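Trainee: how would this look folded up:
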Amino acid sequence: MFSKKIQLGLLIFTLAILSSACSISTSSSTKSSAGVDSSIFVSSNSGSTWKAMTSIPVISGVPRSIKDINVNLMTMDPQDSKAVYLASFETGLFFTYNISEGWTFVKTLPAEKINDVKVDPKNKCVIYAAISNRLYRSKDCARTWSQVYFDNNAEVSVKTITIDHYNTQIFI
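Mentor: Below is the predicted model:
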């Protein structure tokens, strides 16, 4: 399994190539002996300047951030480069449809390890999430989720999602 740094680096490299107007990067430099800053940074000018994009908008007024989230993987929507999904090791799923507006926590999924996230290549509002021995699907751009697969064996874990590009009704 790739380390978190390598996975994020590969995603960042892919994002930079696909997007000529915007680049995204992560930092793993140590802030202090107490922790590591795993922020996500965005550049709109080919890397001349960078801005941390870690906020999670909240109604309560108490600011939240993804800085301390232990990221398992990041997935981009194949149809919309502004749609990015961030799967954590223990906190659940986050997404953004515009990085400058911050991240949204998916409250309707379990707040646990997300093994994989995939977006339907023909319908950007259909999203799949693999969690433990279950597979979830959203048909409304991550607003609501339904369980579409469950394995009775608790030792089984859904690790990867594959969607048939020709017939997106077939997923495994």
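Trainee: pLDDT below threshold where in the protein?
Mentor: 1-39, 171-172 (pLDDT under 70).
Trainee: all the helices of it, residue numbers only.
Mentor: 4-18 (DSSP state H).
Trainee: list the contacts of the nearest residue to G102 once chain neighbours are set aside.
Mentor: Excluding the flanking residues, the one nearest G102 by Cβ to Cβ, 6 or more residues apart in numbering is S55, at 4.1 Å. In this view, the C-beta of every residue, glycine as well, is placed from N, C-alpha and C. Taking Cβ atoms under 8 Å, 6 or more residues apart in numbering, we find S55 in contact with 63-65, 102-103.
Trainee: just put these in CSV and tack on neighbour count and distance to K51.
Mentor: Listed next are the contacts of S55 as CSV, based on neighbours: other Cβ atoms under 10 Å; distance: Cβ to Cβ, whole Å:
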residue, neighbour count, distance to K51
P63, 11, 16
R64, 15, 18
S65, 13, 14
G102, 18, 12
W103, 21, 14
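Trainee: for R137, give me its contacts.
Mentor: 126-129, 145-146, 148.
Trainee: separate out the buried members of the residues you listed.
Mentor: 126-129, 145 (16 or more other Cβ atoms under 10 Å).
Trainee: among those residues, which ones are in strands?
Mentor: 127-129 (DSSP state E).
Trainee: for burial, what's the neighbour tally of T91?
Mentor: 19 (other Cβ atoms under 10 Å).
Trainee: same check, this time on V119
Mentor: 24.
Trainee: looking at the contacts of R137, which is nearest V84?
Mentor: I127 (11.9 Å; Cβ to Cβ).
Trainee: the closest one touches I114, doesn't it?
Mentor: No - I127 lies out of contact with I114 (Cβ atoms under 8 Å); the separation is 11.3 Å.
Trainee: taking the centroid of the chain, which residue is nearest it?
Mentor: The chain has L86 as the residue nearest its centroid, 1.7 Å off, counting by Cα atoms, centre = their mean.
Trainee: ok, back up a step: just the buried ones among the contacts of R137 now: which is nearest E90?
Mentor: Of the buried ones among the contacts of R137, the one sitting nearest to E90 (Cβ to Cβ) turns out to be A129, at 14.5 Å.
Trainee: return the distance of the residue nearest to the closest one when sequence neighbours are not counted relative to Y128.
Mentor: Excluding its sequence neighbours, the residue lying closest to A129 (Cβ to Cβ, 6+ apart) is Y136, at 4.7 Å. Distance of Y136 to Y128, given as Cβ to Cβ, to the nearest Å: 7 Å.
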